[in-house]
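Colleague: okay, sequence plus prediction incoming.
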Amino acid sequence: MTENANGFFKPEEILSQLDIRNNMVVADFGCGGGFFSIPVAKLANQGQVYALDVVKENLEAVKSKAELENVDNIKIVHCNLEILGSSKINDNSADLVILRNILFQSQKKPEIIREAKRVLKDIGQIVIIEWIKGSNMAPEQGWFISKEEIQKLTSDEELILDKELSLDNQHYGIIFRKSNQGQSLE
């Protein structure tokens, strides 16, 4: 995978590994400054992207970038994803939920996974991308979680491993689906 100048993957390269259609509903949990929100909104240009974060400044950055790039299908939501229902997204309404570098920031990982599952459609997917603990660019502080711990946590929520993403050497990425969705596509 090609990395950009700061050594990290480009969002478009990850998104190319996902089946994003132009009419999807996507929730970007812990959207930060819009790393995924903006490119996803362009791909799902007839759909709806929810950019969710607890930090208001991040949401202002997403709003500004969206305006600059003429992206009008992003809904900004200030919320604490550790609280069930706080996203204000309806149950079973998102085709895709993205969690990028959010779980390592929280001690309430099960609650965040539960909220992601709540908003996910039965045929939807949850993409989890997290830092590899000890990688040279990973933050020094945080509650890092390994792939194995993610798989246990998602299994407890009856989510099924769908596939792993090809990422840089700083992160891992895994796609999960609800257990009642049927067999893996792989």
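Modeller: Ah, there it is. Being a predicted model, the structure only gives us computed values, none of them experimental. Residues are numbered from 1 along each chain as shown.
Colleague: distance check, the closest residue to Asp91 other than its chain neighbours against Lys178.
Modeller: Excluding the flanking residues, the one nearest Asp91 by Cβ to Cβ, 6 or more residues apart in numbering is Arg118, at 5.7 Å. Yep, even glycine has a C-beta here, placed from its N, CA and C like the rest. Distance, Arg118 to Lys178, by Cβ to Cβ, to the nearest Å: 11 Å.
Colleague: same thing with Trp143?
Modeller: Trp143 is 26 Å from Lys178, by Cβ to Cβ.
Colleague: more crowded one of these two?
Modeller: Lys178 (19 against 12; other Cβ atoms under 10 Å).
Colleague: number of residues surrounding the closest residue to the more buried one other than its chain neighbours?
Modeller: What sits nearest to Lys178 in space, not counting adjacent residues and going by Cβ to Cβ, 6+ apart, is Asp122, at 5.5 Å. Residues contacting Asp122 under the criterion other Cβ under 10 Å number 11.
Colleague: quick check: Asp122 touching Asn92?
Modeller: Yes - counting by Cβ atoms under 8 Å, Asp122 touches Asn92, with 6.5 Å between them.
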